[in-house]
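> fold the following.
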Amino acid sequence: MKKLLLAITLIVGVSVAAIAQPRAIGGRLGWNLEFSYQHGIGNGFLEVDAGAFYLPSLGIHAAVVYDWIFASPSWTPKGTWDWYAGVGGAGGFAFHERHDAEYDHSWWYIGVAGQIGLSYTFWFPLQLSLDFRPTIGPAFHHHPDGTHIDFHLHGLFDLALGVRYAFGAGK
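Take a look at the predicted model:
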């Protein structure tokens, strides 16, 4: 009976601790269109994004970044401002770029992602952010004449506006 009570107490304690962490869910719109989830950990947050891109080809990608909050200026009497920066990884796959045989190929990439941004969490459950997240790494292009490796240039232009529902805002 003591073990059961201890197990229940442990499960409830871990659940309450997990629920008490700041979280936000929503999207990022910029070079990509992404689903975005943030989970507060310590003096920062883990951000997981997954979505699609179109230019110059249709594809899917995902990124996981841990961001440290390095400044929280009090520019407004309500709400919270946060400057953040972090590092993580990203990867994706692009489908055929064109329909003629000369350019018909697909490609995928992996890389290191850095991120820097500014967010504002209102006193009601809305968070807006503007961030820059370049991804540096190789791209593997599959052509009819073989595979070519080059630098993933499209990952250098990831500037986006984030709109998220912030759980626990205003408390």
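
> and the spatially most central residue of the chain, how far from residue 122?
Using CA atoms, centre = their mean, the residue of the chain that lies closest to the mean C-alpha position is residue 49, 3.4 Å off. Residue 49 sits at a distance of 21 Å from residue 122 (criterion: CB to CB, to the nearest Å). Any C-beta I mention is one placed from the backbone N, CA and C, and that applies to glycine too.

> same deal with residue 50?
Counting by CB to CB, the gap between residue 50 and residue 122 amounts to 25 Å.

> again, but for residue 74
If you measure residue 74 against residue 122 using CB to CB, the figure is 15 Å.

> of those two, who's got more company?
More neighbours sit around residue 122 than around the other of residue 74 and residue 122, counting by other CB atoms under 10 Å; the figures are 15 against 8.

> let me see the ranges of the helices in this protein.
Listed from the start of the chain, the chain has helices (DSSP state H) covering 2-20.

> ranges for the strands of this protein?
Using DSSP state E, the strands of the chain run over residues 23-30, 32-41, 44-53, 59-71, 80-94, 106-121, 127-132, 135-136, 138-143, 146-151, 159-167.

> mind putting the ones you listed into CSV with mean pLDDT?
What follows is those, written out as CSV (pLDDT from 0 to 100):
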stretch, mean pLDDT
strand 23-30, 94
strand 32-41, 94
strand 44-53, 94
strand 59-71, 95
strand 80-94, 94
strand 106-121, 93
strand 127-132, 96
strand 135-136, 92
strand 138-143, 84
strand 146-151, 82
strand 159-167, 95
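
> quick one, what contacts residue 81?
Under the criterion of CB atoms under 8 Å, 6 or more residues apart in numbering, the contact partners of residue 81 comprise 72, 73, 74, 75, 118, 119, 120.

> repeat that with 6 Å
73, 75, 120 (CB atoms under 6 Å, 6 or more residues apart in numbering).

> gap between it and residue 24?
To residue 24, residue 81 is 15 Å away according to CB to CB.

> for residue 59, same thing?
As defined by CB to CB, residue 59 lies at a distance of 25 Å from residue 24.

> so those two - more neighbours on which side?
In terms of neighbours (other CB under 10 Å), residue 24 is the more surrounded of residue 59 and residue 24; the figures are 25 against 21.

> what sits opposite residue 60 in the beta ladder?
Assessed by DSSP bridges, residue 60 has beta-bridge partners residue 52, residue 93.
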